[in-house]
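fold the following and give me the result.
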Amino acid sequence: MELEELRSLAQAEGIIRANSFCTRKNLIRAIQRERDQRDCFMTDERFLCHDVNCEWKNDCKRLVAEWLRW
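A predicted model of the protein is given here:
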């Protein structure tokens, strides 16, 4: 999902100022918090995650250069 699509989803979820998020990572974490889920997207928790129903799983578990994780 592209950033603009995520912003639309965030607004639909009720996140105020969804347009102020600059990265997909932070926006997805905000959506997770709004849904009362762990805001674990792209954190080290992903290596231990066994949530098969997570809609972010494929993006979250893909390999990313370490300097991009921050």
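
point out where the chain drops to low pLDDT.
Within the chain, the segments meeting pLDDT under 70 span 64-70.

quick check, central residue of this protein?
Geometric centre of the chain, nearest residue: residue 28, 2.4 Å, by Cα atoms, centre = their mean.

element containing it?
Element membership of residue 28, judged by DSSP states H and E, is helix 24-34.

what's that helix packed up against?
helix 3-13 (3 or more Cβ pairs under 8 Å, 6 or more residues apart in numbering; DSSP states H and E). C-beta here means a position set from N, CA and C on the backbone, and glycine is covered the same way.

what about the helix it packs on, distance to the chain center?
Centroid displacement of helix 3-13 relative to its chain, using Cα atoms, centre = their mean, to the nearest Å, is 11 Å.

quick one: residues in contact with it.
1, 18, 19, 21, 24, 27, 28, 30, 31, 34, 35 (Cβ atoms under 8 Å, 6 or more residues apart in numbering).

give the contact list for the fourth one.
Read it as residue 21. With the criterion set at Cβ under 8 Å, 6+ apart, residue 21 makes contact with 7, 10, 27, 30.

could I get these in TSV, plus columns for distance to residue 56?
Formatted as TSV, those follow (distance: Cβ to Cβ, whole Å):
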residue	distance to residue 56
7	15
10	13
27	11
30	12
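
nearest to residue 57, of those?
residue 27 (16.6 Å; Cβ to Cβ).

pull the number of nearby residues for the closest one.
22 (other Cβ atoms under 10 Å).

still on that earlier bit, was I right about the residue nearest to the centre of the chain contacting residue 56?
Yes: Residue 28 is within contact range of residue 56, at 5.7 Å (criterion: Cβ atoms under 8 Å).

what sits in contact with each of the two?
With Cβ under 8 Å, 6+ apart as the test, residue 28 and residue 56 both reach residue 41.

buried subset of the contacts of helix 3-13?
Among these, those classed as buried by 16 or more other Cβ atoms under 10 Å are 18, 21, 24, 27, 28, 30, 31.

the last one: what's it in contact with?
Spelled out, that is residue 31. Applying Cβ under 8 Å, 6+ apart, the residues near residue 31 are 6, 9, 10, 13, 15.

neighbour-wise, which one of those residues leads?
Neighbour max across the contacts of residue 31 (other Cβ under 10 Å) = residue 10, 20 neighbours.
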